[in-house]
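Undergrad: next input, structure requested:
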Amino acid sequence: MMLKVLGLFLFQWESQARRRFIKSLGIEKGSNILDICTGTGNNLPALKKYTTDDSELVAIDLSEKMIQKCQEKVQKKKIPASIHRGNALQLP
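TA: Numbering: from 1, shown residues only. Sure thing, here's the model as predicted:
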C-alpha cells in the first residue's frame with residue numbers, strides 16, 4: 001500500500017514539475033512545436049496548450065515501441081499531434 005501511495009505522489013510531482021518546466025520555456029500560443037525524443041509522449045498534453053488550429057505539434061522518437069505507446073496516449077487523450085519515428089541527429 002505504501003508503495004502505491006508513493007507512486008501516486010511521485011507521478012503527481014513529476015506532472016507538476018513537467019508543466020512548470022514547459023511553462024518556463026516561454027512558448028508562445030500558436031507556435032509550431034517539435035518534441036524531440038518524445039518517448040511515450042508525456043510532454044504532449046502540456047505542450048498541446050500552446051497549439052492552435054494553425055500550428056503543429058510534432059513528436060519524434062527513435063524507438064518504435066515508444067512511438068506505439070505515444071500514439072496510444074495521443075489517441076486516448078485526443079491530442080492533435082503528428083507522431084513520427086526518427087533520429088534526433090538526422091532531422092529532415
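
Undergrad: so where's the chain uncertain?
TA: 1-13 (pLDDT under 70).

Undergrad: now the strands for it?
TA: 33-36, 57-61, 82-85 (DSSP state E).

Undergrad: give me the buried positions along the first one.
TA: Taking 16 or more other CB atoms under 10 Å as the basis for neighbour counts, the residues of strand 33-36 that come out buried are Ile33, Leu34, Asp35. Every C-beta, even on glycine, is put in place using the N, C-alpha and C of the backbone.

Undergrad: list the contacts of the first one.
TA: This means Ile33. Listed by CB atoms under 8 Å, 6 or more residues apart in numbering, the contact set of Ile33 reads Ile27, Leu47, Tyr50, Thr51, Ser55, Glu56, Leu57, Val58.

Undergrad: equivalent analysis for Pro92, please.
TA: Contacts of Pro92 (CB under 8 Å, 6+ apart): Gly86.

Undergrad: and the strands of the chain as a markdown table, adding distance to Phe21?
TA: Shown next, in a markdown table, are those (distance: least, CB to CB, whole Å):
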| stretch | distance to Phe21 |
| --- | --- |
| strand 33-36 | 13 |
| strand 57-61 | 17 |
| strand 82-85 | 21 |
